[in-house]
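Chemist: Sequence plus the predicted model coming up.
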Amino acid sequence: MTRLSSYFLPTERDPPADAEAISHKLMVRAGLIRQVGSGLWSWLPAGWRIHQRVVQIVREEMNAIGGQELLMPVLLPADPWKRTGRYGIDELFKLNDRRGADMVLALTHEEIVTGHVAAAVRSYRDLPLILYHFQVKERDEARPRAGVLRTREFIMKDAYTFDRGAEGLEAGYEKHMRAYDRMCDRIGLEWYRVEADVGVMGGIGAHEYMAPCAAGENDVVLAPGYAANVEVASADAQAVQLPGGSDAPQSVPTPGMTTIDAVATELALPEGALLKAFPVIVDEDAMKLVVVRGDHRVNEIKLRTALGQDFRAARTDEIEARLGPPGFIGPVGAEMPILLDEGVAQGSYVVGANAPDAHLRGVEPGRDFRFEPVDVREVVAGDTVGGSAVRIEPAIEVGNIFKLGTRYSDPLGARYLDESGTSQLIWMGSYGFGPARAAAAAVEQYADEHGISWPRSIAPFDIEVVTLGKEGSEERTVADRLYAELTDAGIDTLYDDRDEGPGAKFADAELLGCPLRVTVGRRTLASGEVEVQVRRGRESRTVPVEGAAEAIAELWRGLP
RNA sequence: CGGGGAGUGGCGCAGUCUGGUAGCGCACCCGGCUGGGGGCCGGGCGGUCGCAGGUUCAAAUCCUGUCUCCCCGACCA
């Protein structure tokens, strides 16, 4: 029984003053969530129903691939985190219990689940395993933002696979990929599965599930048959008009011109006819020179992957000591490894001369400097993949799947005995999904100027019945009966029985965004009908009062 | 972490520059009208002006400190 007159659904006419994202504004206005602190949110009853519906879909798909649901604590002893090297992570909340023991709040549960498996699994016969739970995650985010899109505390479904080796992991990974495809479809999101960065913690493969929308924090690169996070995306660069070559580099004066723009303008060349040099330091003090086309940008994540290690940008004093004045540096004559981005085609370029106020023109990679080819530039819209131009759009990461390998089983000693009696490391994968983000993404993707428009599968209620009559009126009687019949038919129905004007009721119904709104009012009742509005598109029709519940339920079943 | 902004009733805001009885709209409560797109009239309730200290006869307003929140960027195993 959900009657709006006694339901805790505090709707607001105005969004919070400082809200920017659509989902932030609408979820607050619709009475789904309320803020407690920075990155801390309560889910009010209607909002929690949405969250629970997403959770149930995810649970069903996890169970369908043989996942076994369990529950692990949020408050954890610090020791396993010290063993895996994650105790130093800035986002990790650290605390002490009354005896002074180091404790942490879980960011995820690799350490704990691996500990359980390490303690219990002995034989290859005990594997594979898929374990998962829905549990609160705590992360001391540098900058929470946009309602429930990025919070410090949130519920995540995290699953872990335990296998005998790489092949088993591959199989578990494939299962999750199919399960994730299905759950995203069932939730009703527009989504992409994209190739993802594996991060510095190591890993051997990862995908992210991305829901495109304006409030997204990630950029995805898309072309027919291709989807990747811009952090790892590769594409063919757009061609640039290069000047004719020459036998040898020639110095040209460029006084005070320390930017690509200034030099290109001075020489009347496109920025892409220049090469940009980016000196980096690895292993404390070894300098390498990364070179990309003048109109391209170095993507630091791709560069880290290409280097196979962490790096930092060189300081000014290091650049001056080993190359030349910043703004005039280049690869010619540089006594250090040179990494040349593949976006630089054969041809003749302008580079810094490693001397004050001068550049060199007519420089040809290979002839005038030796290099190692790398792919480190950030893809931009219009680059091509397989001949098709890519587009780049913002997206929310709602899930990720990750091949961990032995990253955790090794430090935590999760081993088994194989058929030959040899001790082997267990191979692991981890698989996250954020129901709150999925809900927010759905809001972002389907909202219109009137409010939210939920996909049928995760709406807080299937149908909202609005009666325009006062207590004791015929409208009220018919609506009461319809409400009961819909509920009996298994439809989750919200009944707006408040003594409000029609405008307020319609506005609130469209703000909340249930897929169907049924209006029982004098106007249609006169001809023995009630009005049914499909929220998405806001088209209305009427159905006879006689048999209305079944007709409405049928209409509902056909909605997206 | 760098930059910018904001804390005044449940929500949205004015008042601060130039110190002098804390206001407006919405919401809420009471009465009445209205009844298909946030309707109308009348009457009400509700605020230690984020917190602490200081200046002053007097502080939302000036000064110092502090806390919190938001936005942009960096970061986000």
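Modeler: Happy to help now that I have it. Note that the structure is predicted; figures quoted are calculated from it, not measured. Numbers count the residues shown, from 1 in each chain, chains lettered A, B, ... in the order given.

Chemist: Report how many residues lie close to the residue nearest to A:Glu531 when sequence neighbours are not counted.
Modeler: Spatial nearest neighbour of A:Glu531, excluding adjacent residues (C-beta to C-beta, 6 or more residues apart in numbering): A:Thr519 at 4.3 Å. (Glycine included, C-beta is placed from N, CA and C.) By the criterion of other C-beta atoms under 10 Å, A:Thr519 has 25 neighbours.

Chemist: Whether the helix or strand A:Thr519 falls within contacts RNA strand B - can you check?
Modeler: Using DSSP states H and E, A:Thr519 maps to strand A:516-520. Yes - for strand A:516-520, a contact with RNA strand B is found by C-beta under 7 Å from any atom of the strand, at A:519-520.

Chemist: swap in stretch A:470-483?
Modeler: Yes - using C-beta under 7 Å from any atom of the strand, stretch A:470-483 comes into contact with RNA strand B via A:Lys470.

Chemist: same question, stretch A:271-284
Modeler: No - using C-beta under 7 Å from any atom of the strand, stretch A:271-284 never reaches RNA strand B; the gap is at least 13.1 Å.

Chemist: State the next helix or strand along the chain beyond the strand holding A:Thr519.
Modeler: helix A:522-525.

Chemist: in that next one, what counts as buried?
Modeler: For helix A:522-525, burial by neighbour count (16 or more other C-beta atoms under 10 Å) applies to A:524-525.

Chemist: what do you get for stretch A:209-229?
Modeler: A:209-213, A:215-216, A:218-223, A:226-229.

Chemist: Flag the shaky bits of chain A, pLDDT-wise.
Modeler: A:1, A:199-203 (pLDDT under 70).

Chemist: which one's the longest strand in it?
Modeler: Longest strand of chain A, by residue count under DSSP state E: strand A:391-405.

Chemist: so how far is that strand from its chain's centroid?
Modeler: 5 Å (C-alpha atoms, centre = their mean, to the nearest Å).

Chemist: partner strands of that strand, parallel or antiparallel?
Modeler: strand A:206-212 (antiparallel), strand A:218-223 (antiparallel), strand A:427-433 (antiparallel) (DSSP bridges).

Chemist: For the stretch 351-500 of chain A, which residues are neighbours of RNA strand B?
Modeler: A:402, A:430, A:450, A:468, A:470, A:499-500.

Chemist: Next SSE downstream of the helix or strand harbouring A:Asp185?
Modeler: Secondary structure from DSSP H and E places A:Asp185 in helix A:166-187. Going down the chain from helix A:166-187, the next helix or strand is strand A:192-195, by DSSP H and E.

Chemist: which residues are contacting that next one?
Modeler: Applying C-beta atoms under 8 Å, 6 or more residues apart in numbering, the contact partners of strand A:192-195 are A:177, A:180-181, A:206-210, A:212, A:220-222, A:227-229, A:232-233, A:395.

Chemist: re earlier: quick check: next helix or strand after the longest strand of chain A?
Modeler: Criterion used, DSSP H and E; the element after strand A:391-405 is helix A:409-412.

Chemist: Now do the helices in the stretch 201-350 of chain A.
Modeler: A:260-267, A:300-307, A:316-322 (DSSP state H, counting those that start in this stretch).

Chemist: looking at these, which is closest to RNA strand B?
Modeler: Nearest of the helices of the stretch 201-350 of chain A to RNA strand B, taken as C-beta to the nearest atom of the strand: helix A:300-307 at 5.6 Å.

Chemist: Return the list of helices and strands in contact with the closest one.
Modeler: In terms of contacts (3 or more C-beta pairs under 8 Å, 6 or more residues apart in numbering; DSSP states H and E), helix A:300-307 is packed against strand A:275-282.

Chemist: The strand it packs on: partners in the sheet, and parallel or antiparallel?
Modeler: When DSSP bridges is applied, strand A:275-282 pairs with strand A:286-293 (antiparallel), strand A:312-313 (antiparallel).

Chemist: Contact partners for A:Glu546?
Modeler: Contacts of A:Glu546 by C-beta under 8 Å, 6+ apart are A:Gly528.

Chemist: Look at it and give its secondary structure.
Modeler: coil (DSSP: H, G, I helix; E, B strand; the rest coil).

Chemist: could you measure it against RNA strand B, distance?
Modeler: Using C-beta to the nearest atom of the strand, to the nearest Å, A:Glu546 is found at 16 Å from RNA strand B.

Chemist: what's the burial count for A:Glu141?
Modeler: 15.

Chemist: Any figure for the gap between it and A:Gly421?
Modeler: Distance of A:Glu141 to A:Gly421, given as C-beta to C-beta, to the nearest Å: 47 Å.

Chemist: picking that back up, I'd say the residue nearest to A:Glu531 and A:Val466 touch.
Modeler: Yes - between A:Thr519 and A:Val466 there is a contact under C-beta atoms under 8 Å: 4.9 Å.

Chemist: Going by neighbour count, which residues of stretch A:523-543 are buried?
Modeler: Buried residues in stretch A:523-543 (16+ other C-beta under 10 Å): A:524-525, A:529-536, A:543.

Chemist: Just the buried ones among the residues of the stretch 351-500 of chain A next to RNA strand B, please.
Modeler: The buried subset of those (16+ other C-beta under 10 Å) comprises A:402, A:430, A:468, A:500.

Chemist: ok, those vs A:Asp357, which is closest?
Modeler: A:Phe402 (49.7 Å; C-beta to C-beta).

Chemist: what ranges do the strands span in the stretch 351-500 of chain A?
Modeler: Using DSSP state E, counting those that start in this stretch, the strands of the stretch 351-500 of chain A run over A:358-363, A:372-374, A:384-385, A:388-389, A:391-405, A:415-417, A:423-425, A:427-433, A:463-467, A:493-496.

Chemist: residues of the second one that come out buried?
Modeler: Along strand A:372-374, these residues count as buried under the neighbour rule (16+ other C-beta under 10 Å): A:Val374.

Chemist: in its sheet, what does it sit against?
Modeler: Going by DSSP bridges, the partners of strand A:372-374 are strand A:338-341 (parallel).
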